[in-house]
Structures are given as structure tokens and as C-alpha cells.
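K.L.:
I would like the atomic coordinates for the input below:
(chains A and B)
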There are 2 protein chains.
Amino acid sequence: MLNEFSLISRYFSRPSQAPGSAVLGVGDDCALLAPRAGKALAISSDMLVEGRHFFAGADARALGHKTLAVNLSDLAAMGASPRAFTLALALPVIDEAWLEEFSAGMFALADPAGCELIGGDTTRGPLTLCVTVFGDVDAGRALRRDAAQVGDDVWVSGTLGDARLALGALRNEWTLNAAELAEVQRSLDWPEPQLALGMALAGVAHAALDISDGLAGDLGHIVARSNVGARINVDALPRSATLARQTPQIQRQCTIAGGDDYQLCFTASVRARDVVLSASSQAGTSVSRVGTITAFDEAADAARIVWTDAGGQPLALALRGFDHFDD
Amino acid sequence: MLNEFSLISRYFSRPSQAPGSAVLGVGDDCALLAPRAGKALAISSDMLVEGRHFFAGADARALGHKTLAVNLSDLAAMGASPRAFTLALALPVIDEAWLEEFSAGMFALADPAGCELIGGDTTRGPLTLCVTVFGDVDAGRALRRDAAQVGDDVWVSGTLGDARLALGALRNEWTLNAAELAEVQRSLDWPEPQLALGMALAGVAHAALDISDGLAGDLGHIVARSNVGARINVDALPRSATLARQTPQIQRQCTIAGGDDYQLCFTASVRARDVVLSASSQAGTSVSRVGTITAFDEAADAARIVWTDAGGQPLALALRGFDHFDD
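P.N.:
As a prediction, this is how the structure comes out:
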């Protein structure tokens, strides 16, 4: 039986993949990370709990990928470049096959991203995964939530809603055939953090975040923090061919209120359209213009976000973001 | 009912206590931390699970203190100066009275230490707490585990074993009267990270760590990583008056194999004794010289650590550190 220390050593302590990144890695009281000249360190921490963020018995390799991916997505949303991460995990039992797959999935994402595992903790407990991730960014060019300007375009990357479409099928909210499910489940299980796009947008976009809880809730953070409103064309929200074949109600629910997409939502000046499109092309990720940032009068008692159809007619939608305390 | 976002806002998002520390704190995709010139960032992450690291129903204020204390102790063990931390927590229910107490206990330790909460995550799940802590340290003066030198003195701070003595009483392994239990339980529930001592020892001590898993296991890391041995005088291990009244067997078990003390164990040159004592006095923490680092011959098949009595006679002890995967 492996004890805690040989466990760390066997699966999570490797020769550094990025020589010179961390001064001191796994195995001491602390890791040491040397700052890069002129850069601030972007830091984010996410906790994933079995039965809440992933199904019991989830594929270990996909879970290793997703645990790191959701954290890298936070770096992408700041325009930061990945450097390192820590991993704390509680495991009900030591299952070597599981650890082998989990760590393989995690490192297959970490290594090409230049993100080194520098420390962490392992303990026995209900399966819980906590990653804290570190990236470099110019503080003045970081993509914050509170920087949207009235008149900005609102953009989203990739397509929205496939992860929610897969989740709904797995929960029997609706039915997909096997080929459809396989196609959209990839978005749920293997989300790709939009790192290249985030870095290309640093200093170009005004506000940005990653869509982890659904566009309605997440864009809600941008407009609230920036003290503005938004007008969004629901029909312009990009969606996969599979999602586009579902009923209009499912399409709207998935694109607007679907979590777990990990695409970027950002705002940028109308004058920056060409620069945004060239950032998109440079990053190899599509972007779609879906609306406009509007002035918001707190006293007027109106919704901050107005959802419209392609003709500009406001729609009455009772949709909201995903809240981890809302069963 | 509070949702995730108002929860974060109410209990964990406060005006910065240390203006200028973090560029951007709680509430964005990432926090931004600006490096200090010439310093490396020391980073440590610990996960605490209910029923494993603390009893179900543990006092929330003490738990808030301890969750941060065990992480600050890792900074102390590197000689680093605290700057900031993130907190990820899974909660089975939202209990506002609990959150009020938990956050009060955490901030009462964080604020005087100059350690700012800059981000984190909250979710529903079995009660699990994960803190990642950040400190500044000169990379060249950091107290590592692999730097013990043959001939070094071995020192420990404070007294050892009270936390284990309290735990044993709470588990009915032995009996203490109420006054004794109250006295030693403070070490278990309210451990004090030895930050001032750690900083005073940076550049003075050779190797160091904090004793979280018991002296035998933790000193075992120093000697293994430094490829040396050690000879420790068991009778010289500092203990409280309460522990000194227990049977010799309990005293040894608690001082040598007791976890959760969060005192420092460090090695330093014999020539540095006066400097160590003056660091101790400057930090207001007692230190005791308990043994010597010895040469170790891997081929000789001997124990790396020889435990002796005050007369230098080796003792046969079957003791080990605390392993979170060893029930």
C-alpha cells in the first residue's frame, strides 16, 4: 500500500518540464516561484466535488484534464500566460489505476501549456480536487470584469451550449442519439481553455471572463461590476450543428443558461473589430459578435441584460446562471 | 437563502487590510499579485477534511484559525513573509452563524500576519477546506528540507506533543482532567505558526520544516532529502508541564510521533548557536537543541535517525510520523 509520500512521489513529482520555471517544486514545505520582470502573477483556485461538478465514476483521464482546464480557463479570461499549479486532492481510497489515468490526463494538458505542477497536498476523504493556478500577465493589460464600456461590442468565442446539451441528455432532461451525445459530451468532459485567445486579447479587449456558469450569469457579472447594461441577440449566439437541430427552447436554455462551456465572453471597442478578428485568427478560435454594452440607469428598475431576437425584439426569458448553491 | 456570490461577498470579500498588497483581489477570474523586487514567491497548499483533520462539529472560529495556521506554518518553515492566500471551501449547507465564526477566526490570524484573502471558490459538498498561501522570501535564504549538513545541531521550537496529548484524550486513548485537557487542547485547536522565528532563521538555519506529522516523520524528510542521518536525545525534547506529568510511554509517543504541533524543526551550524538563540529571543519563541546531524551510509542498512536517552544510549522505538493515508 502506498503511503501519502510515495503517492505524491510516484504520480505527481516529475522532472521539471519547463526548466527554470519554478525555483523549487514538489516536496518541500513550499514551492518557490520566481516572478518574471514586470509581470504580475494571476492566481485562481477552483474546487471540484464528486457528484456536484462531475459524476461519481467519471473517467479519470477526462477528470484530470477538466480539473486543470477549468483553472487554466480562468487564466485565459485574464489574458495570462500559464506558469504553474498546485493540486490538493482528497481520495476515498488509493486506486493506482485511477491515479495513473488522472495524472496522465492532467499532464497532457499541463505540459503543452507550459504549466508546471509545483506542489500540493493529498489526504483521504470524499473525492475532492482543488487546483490553484498561476500565470504571468502585465497588470495594466489584464482582462478584468469591471472594464466594459458603453458602446462596446459583446463577443463570445467558439460555440455555446454543447456541455449543457450533453448534461441534459445524461440527466434524461431530453434525448440525443448516441452519435450526437458523443459529439457534445466532448465539450462537457474535455473543455479546452482558450489560452491563446485570452493572451491575444490582453490589451485589446476591455472586459472578459470565461463562461463557466452560463452566459446569463457570467455576463451578469461583467455588467454589474462595470455598472453598465447589455443588449444581446439570442439568435446570434454561436451553437454547434447538433445543438441547432434541437427545439428552440433547448437551444436557448443551452446557449444562454448552460454552464461548463469555458468559452470566453469579452467586450471590446467597435473600433477594435479588426484587431479582435485577427486575434481570433491568430489563436485559431472563432469569435462571434452577439450584442452591445448599453448605458444602465440603476434607478430605472430595468433588467441589466436585454435579450432580443434577430429582429431586435426583446424576449421574455426566465433564465439564469448556474449557482453551485442552488439545487 | 444566500447564493454562492452573495456568500463570497458577505463573508470573504473585504476592503483590503494591506493597501497595495494585491493589485486585484476577490471577485474576478483571477487575483493579481505583484511580485516584490528580488523576492521569490513561496507557495503552499493544504486541504483539511472533516472527520480526518478535525472532528465533525468542530468550533468554527478555531477551525477558521487552524485552516490558515497550518498553511502559514509552511511559510514559517521556509522563512517566508506572508502576503496573501486563497480559500476554496465545500460546505454541506450554508450556515451563516458558522460562516461568521469561521471567517472571524481566519481573519483574526490573517490580519496581524499581513496576509490578505485574494480569491477562492465556494461550492456545496462534504465540509472540505483548501487554502493556498503566498509569501515573499529571498530564494537564496529560503529554509529548505535538503540543506542539513553533517555536524549541524538539530533544534525544535516551543514544546512538542501537547496537540497529540489532547487528541489522545479526546479519543479516549488516555485520560486527562478537565484543566489539563483545556490547557493542551489549545495546541490542537489554535496552533500558532512560528512566522517570526522562521523569518529570523532565514539565512541562519540550514534545513527546516514545520512539525505537522510528528518529529519522527518530519525529521525523516530532512535527513532523507539531505542524505544524512541524525542522533536525537529523546529526553531533551521540550514538553509542557502537563505532558511531563504523563507516563514515559505517553511522553515519548506525543513528543516523537505526535502530529499537529506546528513547531519548527531546523538544523544549523554549531557556530551559529548564538545567532539561533538571538533569533529565538527576537521572535519571542523558545528553542531547544535536541540532537546532531550525522553522516549516513546508505549501504550500512541502519536507521537514519538514532533515538537515544540523555546518557546517549540508543532506544528501540517503534514510532512513526502521522500519515494521512494510514488508518
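K.L.:
and A:Asp146, what element?
P.N.:
Per DSSP states H and E: A:Asp146 is located in neither a helix nor a strand.
K.L.:
now do A:Phe107
P.N.:
Going by DSSP H and E, A:Phe107 is part of helix A:96-110.
K.L.:
which is the next helix or strand following that helix?
P.N.:
Sequence-wise, the next helix or strand downstream of helix A:96-110 (DSSP H and E) is strand A:116-124.
K.L.:
Could you check how far that following strand is from the centre of its chain?
P.N.:
The chain centroid and the centroid of strand A:116-124 are separated by 22 Å under C-alpha atoms, centre = their mean, to the nearest Å.
K.L.:
what residues go with each domain of chain A?
P.N.:
A:4-140, A:143-308 (automatic domain parsing).
K.L.:
now the last one: mean pLDDT?
P.N.:
Across domain A:143-308, the average pLDDT comes to 94.
K.L.:
Please apply the same query to the first one.
P.N.:
Averaged across domain A:4-140, the pLDDT comes to 86.
K.L.:
Based on its surroundings, how many neighbours for A:Ala224?
P.N.:
16 (other C-beta atoms under 10 Å in any protein chain shown). C-beta: built from backbone N, CA, C; applies to glycine.
K.L.:
Next, it: secondary structure please.
P.N.:
helix (DSSP: H, G, I helix; E, B strand; the rest coil).
K.L.:
need the contact list for the residue nearest to the spatial centre of chain A.
P.N.:
Nearest to the mean C-alpha position of chain A, by C-alpha atoms, centre = their mean, lies A:Tyr262 at 3.3 Å. Residues in contact with A:Tyr262, defined by C-beta atoms under 8 Å, 6 or more residues apart in numbering or on different chains, are A:Ala69, A:Val70, A:Ser73, A:Ala163, A:Pro191, A:Glu192, A:Pro193, A:Gln194, A:Asp210, A:Ile211, A:Ser212.
K.L.:
Would you mind measuring from it to B:Ser73?
P.N.:
For A:Tyr262, the distance to B:Ser73 equals 35 Å [C-beta to C-beta, to the nearest Å].
K.L.:
same question, A:Gly119
P.N.:
Distance of A:Gly119 to B:Ser73, given as C-beta to C-beta: 15 Å.
K.L.:
more crowded one of those two?
P.N.:
Looking at A:Gly119 and B:Ser73 with other C-beta under 10 Å, you find the greater number of neighbours at A:Gly119, namely 30 against 27.
K.L.:
just to revisit the earlier point, of the domains of chain A, which is nearest B:Ala58?
P.N.:
Nearest of these to B:Ala58, taken as C-beta to C-beta: domain A:4-140 at 14.8 Å.
K.L.:
what's the spacing between the closest one and its chain's center?
P.N.:
Worked out by C-alpha atoms, centre = their mean, domain A:4-140 lies 15 Å from the chain centre.
K.L.:
cool, stretch A:240-247 as well?
P.N.:
22 Å.
K.L.:
Straight-line length of that stretch, end to end?
P.N.:
13 Å (C-alpha to C-alpha, to the nearest Å).
K.L.:
Equivalent analysis for stretch A:169-188, please.
P.N.:
11 Å.
K.L.:
cool, stretch A:180-198 as well?
P.N.:
29 Å.
K.L.:
That stretch vs chain B: in contact?
P.N.:
No - against chain B, stretch A:180-198 shows no contacts by C-beta under 8 Å from any C-beta of the partner chain, the least distance being 9.4 Å.
K.L.:
Give the buried residues for that stretch.
P.N.:
Residues of stretch A:180-198 classed as buried: A:180-181, A:183-185, A:187-198 (neighbour count, 16 or more other C-beta atoms under 10 Å in any protein chain shown).
K.L.:
Next up, the contacts around the residue of the stretch 51-200 of chain A at minimum distance from chain B.
P.N.:
The minimum distance from the stretch 51-200 of chain A to chain B, using C-beta to the nearest C-beta, falls at A:Gly125 (3.5 Å). Taking C-beta under 8 Å, 6+ apart as the criterion, A:Gly125 is in contact with A:Ala90, A:Leu91, A:Pro92, B:Met47, B:Val49, B:Gly51, B:Arg52, B:Pro126, B:Thr128.
K.L.:
The residue nearest to the last one when sequence neighbours are not counted sits in which helix or strand?
P.N.:
I take that to be B:Thr128. For B:Thr128, ignoring the flanking residues on the chain, the nearest one in space by C-beta to C-beta, 6 or more residues apart in numbering or on different chains is B:Ala90 at 4.4 Å. Assigning secondary structure by DSSP H and E places B:Ala90 in strand B:81-91.
K.L.:
Mind putting the contacts of A:Tyr262 into CSV with distance to A:Cys254 and secondary structure?
P.N.:
Shown next, in CSV, are the contacts of A:Tyr262 (distance: C-beta to C-beta, whole Å; DSSP: H, G, I helix; E, B strand; the rest coil):
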residue, distance to A:Cys254, secondary structure
A:Ala69, 20, helix
A:Val70, 19, helix
A:Ser73, 18, helix
A:Ala163, 8, helix
A:Pro191, 15, coil
A:Glu192, 18, coil
A:Pro193, 20, coil
A:Gln194, 19, coil
A:Asp210, 17, strand
A:Ile211, 12, coil
A:Ser212, 15, coil
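K.L.:
Could you point out which of those residues is nearest to B:Glu96?
P.N.:
The nearest member of these to B:Glu96, counting by C-beta to C-beta, is A:Ser212 at 25.4 Å.
K.L.:
what's near enough to touch the closest one?
P.N.:
Residues near A:Ser212 by C-beta under 8 Å, 6+ apart: A:Val70, A:Ser73, A:Asp218, A:Gly259, A:Asp260, A:Asp261, A:Tyr262.
K.L.:
Got the phi and psi for the last one?
P.N.:
Read that as A:Tyr262. A:Tyr262 adopts backbone torsions of phi 60, psi 30, taken as degrees, to the nearest 10.
K.L.:
how close does it sit to chain B?
P.N.:
Separation of A:Tyr262 from chain B (C-beta to the nearest C-beta, to the nearest Å): 11 Å.
K.L.:
thinking again about what came up before, tell me the most packed of the contacts of A:Ser212, by neighbour count.
P.N.:
Highest neighbour count within the contacts of A:Ser212, by other C-beta under 10 Å: A:Asp261, with 29 neighbours.
K.L.:
For that residue, which non-adjacent residue is spatially closest?
P.N.:
The nearest residue in space to A:Asp261 (C-beta to C-beta, 6+ apart) is A:Ile211, at 4.8 Å.
K.L.:
Helix or strand for the residue lying closest to A:Val234 once chain neighbours are set aside, just tell me which one.
P.N.:
Leaving out its chain neighbours, the residue that sits closest to A:Val234 by C-beta to C-beta, 6+ apart is A:Trp307, at 5.2 Å. Here A:Trp307, judged by DSSP H and E, is contained in strand A:305-308.
K.L.:
which helices and strands sit right next to that strand?
P.N.:
If contacts are counted by 3 or more C-beta pairs under 8 Å, 6 or more residues apart in numbering or on different chains; DSSP states H and E, strand A:305-308 sits against helix A:215-226, strand A:229-233.
K.L.:
okay, the ones you listed, which one's buried deepest?
P.N.:
helix A:215-226 (a mean of 22; mean count of other C-beta atoms under 10 Å in any protein chain shown).
K.L.:
So what touches that one?
P.N.:
For helix A:215-226, contacts defined as C-beta under 8 Å, 6+ apart pick out A:145-149, A:154, A:156, A:160, A:207-212, A:229-230, A:232, A:237, A:255-258, A:265, A:267, A:293, A:296, A:304-305, A:317, A:319-323, B:5, B:27.
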